[in-house]
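> Sharing a sequence plus its predicted fold:
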Amino acid sequence: MLEVKLHDIGEGMTEAEILHYLVKPGDSVVADQALVEVQTDKMVAELPSPATGIVKELLIDTASTVGVGTTILLIEVENGSGRAEEATAAKTAPAETKKIDVTTFKGPHRIMAAPYTRKIARENGVDITRVSGTGPAGRILEEDVYRFMEEGNNQISAVLETAATDTLQSTPAAIATPAVAESIPFTGIRKQIAKKMTQSLTTIPHVTHFEEIDMTNLLALREELKAEGASISAVAFFIKALVVALKDFPVFNAKLDEENGVIILEKEYHIGLAVDSTLGLIVPVLKNAHKKTLLEVNTEMKELNEKARLGTLSGNEMRGGTMTITNVGPLGSTGATPIINHPETAIIAFHKTKKCAVVTDDDEIVIRSMMNISMSFDHRVADGATAVAFTNRFAELIENPKKLWLELI
C-alpha cells in the first residue's frame, strides 16, 4: 500500500488546504495522473500519482488544512506495473508536483478544465462531468460552466414560476416570503490571504506614511519615449527609482530575525508585484530588479502580471521578495494603508494620478499631475524620519527623471 503525502511544492510552504479530489476509492490510476488539488498560500497545485494502482482510501476531508508530511490518500500498487521500484521510493522521496495550467484526467473519466474553471463549478455546486466543453479537444471553459448554470437556472425559474402561480392562487397576499441570506465560500486563496494578512498585522507594528509626488515630468518623458516606439509603464520607472532609494536606505530592503536578534539587510532587490487576479491577491516577484534595464523590467513585469491573472505562476516566481509594491491608481484609489507582505519590512502603494492646481516656489499657480503614495513599514526596524527621507529620495527621482537616468548609467 502506497501512502501519498503532502510534500513541499517548492515554495517553502508548510501546509495546504485540500481543495478537491480528482479520484475516488476504487478508481484505477496511472503514474503521474493528478490525484488531488491543493491550495497553498500562493497558488493552486495538484499532486500526481507516483505509481500505477488502485485508489483505496481518501484520508483527509476536502476543505481541511494539513501540514507537509500528512498522508492524504492510499494507493494499492499494481503488481507488474513496472513502477514498483518507483512506488517504493515514493515512500521516502516526494514525487514532483506539477504547477497546473490545464488539468487532464487520464483513464475512463477524461475531463479537461483549468483549475479556476473547476473552482467556479465547485463553488456553484455544478457537477463538471455534466458540462459539455467547447474548448480545444473538448476542454471545459469558464463560459461553459456559466452556460450550464444559466440553463439550469432557466429550468428552475420555469418550475418556480409555475409553483409561484399556483401558490398565489391559494395563499393570502399578506403572507410574504422571507429573504434568504447568501454566502460566499471562505476557502482557497481567500482563506490563505486572510491567514497571511492576520499574521502580518499581529506580528508587525505597522506605520503608514503618506506623500504626494509630481508626475508631470515623468509623464512627459513617457510620451516622448512612446513617440519613439518605446511604450514603458510608469510602474517600471517606479521600480527602478525604488531600487536606487533602497540602496540609499537599505533598512527597507531587509528582514527582521527576532530569534537571532539581527536585521538582515538583503543584497539583492526582488520586488513583489501585488496583483488582483481572478483567484485573489497574488504577489509575483520581479527578481534582481537592480540588474535589469528599464525595458527589461517593463517586459518582465507585464509577463508576471499576465501569469498571475491566468494562474500559471511557478512557485519560484512567487517567493523571495524583499519589498512589495501595489499599483492601485488605475482602480481610482487616492489613499490606503497597505499591509506589509510578511516577513518584509515595507510595502508602498501608488495611487491615482490627477491634475491639480499647485503653487510653485515663485507663488505661481500651475496645473501639475500629482500622485499620492502610501508606504507602510515595520516600526521595529525603521522610524518615521527614515521613512520620510526614503520617500523624499524616491520622489526626487520620479519628479526629476534626468537624475534617475544618471543613477542608471
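Great, that's in hand.
> Helices along the stretch 51-200 of the chain, start to end?
All helices of the stretch 51-200 of the chain, identified by DSSP state H, counting those that start in this stretch, fall at 84-90, 115-123, 142-170, 188-203.
> What pLDDT does the model give the residue positioned nearest the centre of the chain?
The centroid of the chain falls nearest to I282 when counting by CA atoms, centre = their mean (1.6 Å). At I282 the predicted local distance difference test score is 90.
> Please report how far it lies from F377.
From I282 over to F377 the distance is 23 Å, taken as CB to CB, to the nearest Å. In short, each C-beta sits where N, CA and C put it, glycine included.
> Spit out the contact partners of the residue nearest to the centre of the chain.
By CB atoms under 8 Å, 6 or more residues apart in numbering, the residues touching I282 are 42-43, 189, 274-275, 308, 313, 318.
> One more pass at 10 Å, please.
By CB atoms under 10 Å, 6 or more residues apart in numbering, I282 lies in contact with 42-43, 189, 193, 272-276, 304-305, 307-309, 311, 313, 317-318.
> Dig out what it forms beta bridges with.
Using DSSP bridges, the bridge partners assigned to I282 are V275.
> helices or strands up against the strand or helix carrying V235?
When elements are assigned from DSSP states H and E, V235 belongs to helix 234-248. The elements that helix 234-248 packs onto, with contact taken as 3 or more CB pairs under 10 Å, 6 or more residues apart in numbering; DSSP states H and E, are helix 216-227, strand 271-273, helix 294-310, strand 323-327, strand 346-359, strand 365-378, helix 384-399, helix 401-408.
> how about G26, what does it touch?
Going by CB under 10 Å, 6+ apart, G26 touches 54-56.
> Can I get stretch 355-364 in PDB, CA atoms only?
What follows is the C-alpha trace of stretch 355-364 in PDB, where atoms were taken according to Å, rounded to 0.1, in the frame of the first residue of the first chain:
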ATOM      1  CA  LYS A 355      -4.300  67.100 -12.400                       C
ATOM      2  CA  CYS A 356      -4.200  69.700  -9.600                       C
ATOM      3  CA  ALA A 357      -3.600  73.400  -9.100                       C
ATOM      4  CA  VAL A 358      -0.200  73.700  -7.400                       C
ATOM      5  CA  VAL A 359       1.500  76.800  -6.000                       C
ATOM      6  CA  THR A 360       5.200  77.000  -7.100                       C
ATOM      7  CA  ASP A 361       8.100  78.400  -5.200                       C
ATOM      8  CA  ASP A 362       7.500  81.700  -7.100                       C
ATOM      9  CA  ASP A 363       3.900  81.800  -5.800                       C
ATOM     10  CA  GLU A 364       2.500  81.000  -9.200                       C
END
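> and it, how far from the chain's centre?
Relative to the chain's own centre, stretch 355-364 is displaced by 41 Å; criterion: CA atoms, centre = their mean, to the nearest Å.
> re the thing from before, who wins for most neighbours among the contacts of G26?
Neighbour counts for the contacts of G26, by other CB atoms under 10 Å, peak at V55, which reaches 20 neighbours.
> List the beta-bridge partners for it.
I75.
> I'd say it and Y21 touch.
Yes: taking contact to mean CB atoms under 10 Å, the distance of 8.9 Å between V55 and Y21 places them in contact.
> list residues touching both of these two?
Common contact partners of V55 and Y21 (CB under 10 Å, 6+ apart): 27, 35, 73.
> I'd like to know which of these is nearest to T208.
Nearest to T208 out of the shared contacts of V55 and Y21 is L35 (CB to CB; 44.3 Å).
> tell me, how many neighbours does that closest one end up with?
The burial metric for L35, expressed as a neighbour count using other CB under 10 Å, is 23.
> so how far is L47 from I60?
I60 is 12 Å from L47, by CB to CB.
> Show me which of the contacts of I282 are buried.
42-43, 189, 193, 272-275, 304-305, 307-308, 311, 313, 317-318 (16 or more other CB atoms under 10 Å).
> Which member of those is positioned nearest A230?
If you rank the buried ones among the contacts of I282 by distance to A230 using CB to CB, N305 comes first, at 18.7 Å.
> from the buried ones among the contacts of I282, which single one is nearest I398?
Nearest member of the buried ones among the contacts of I282 to I398, counting by CB to CB, is L273, at 17.8 Å.
> What residues does that closest one make contact with?
Per CB under 10 Å, 6+ apart, neighbours of L273: 235, 239, 282-286, 300-301, 304-305, 308, 321, 324-327.
> ditto for N341
N341 neighbours (CB under 10 Å, 6+ apart): 196-197, 200, 272, 274, 281, 283, 285, 321-326, 347, 376.
> Identify the farthest-apart pair in those residues.
For the contacts of N341, with distances taken as CB to CB, the pair at the greatest spread is M197 and T322 (19.3 Å).
> Looking at the two, which is more packed in?
The neighbour count for M197 versus T322, taken as other CB under 10 Å, is higher for T322 (26 against 15).
> The more buried one contacts V251, correct?
No: here T322 does not reach V251: they are 11.7 Å apart, not a contact under CB under 10 Å.
> Need the overlap of contacts for the two.
Overlap between the neighbourhoods of T322 and V251 consists of 265, 345-346, taking contacts as CB under 10 Å, 6+ apart.
> Make CSV out of those and add neighbour count, distance to K255 and pLDDT.
Formatted as CSV, the entries for those read as follows, by neighbours: other CB atoms under 10 Å; distance: CB to CB, whole Å; pLDDT from 0 to 100:
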residue, neighbour count, distance to K255, pLDDT
L265, 14, 9, 97
T345, 28, 7, 97
A346, 28, 11, 98
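> Closest one to A387 out of the residues you listed, please.
Looking at the shared contacts of T322 and V251 and their distance to A387, the nearest is A346, at 7.9 Å (CB to CB).
> hang on, that closest one packs against L256?
No: counting by CB under 10 Å, A346 does not reach L256; the two are 11.5 Å apart.
> Overlap of the contact sets of these two?
By CB under 10 Å, 6+ apart, A346 and L256 have these common neighbours: 378, 381.
> Going by neighbour count, which residues of the helix holding V235 are buried?
For helix 234-248, the buried set under the neighbour-count rule, 16+ other CB under 10 Å, comprises 234-246.
> Then stretch 216-230?
For stretch 216-230, burial by neighbour count (16+ other CB under 10 Å) applies to 216, 218-219, 221-222.
> Tell me who's in contact with the closest residue to K196 other than its chain neighbours.
Spatial nearest neighbour of K196, excluding adjacent residues (CB to CB, 6 or more residues apart in numbering): D41 at 5.6 Å. Applying CB under 10 Å, 6+ apart, one finds that D41 lies in contact with 11-17, 189, 191-193, 195-196, 199, 318.
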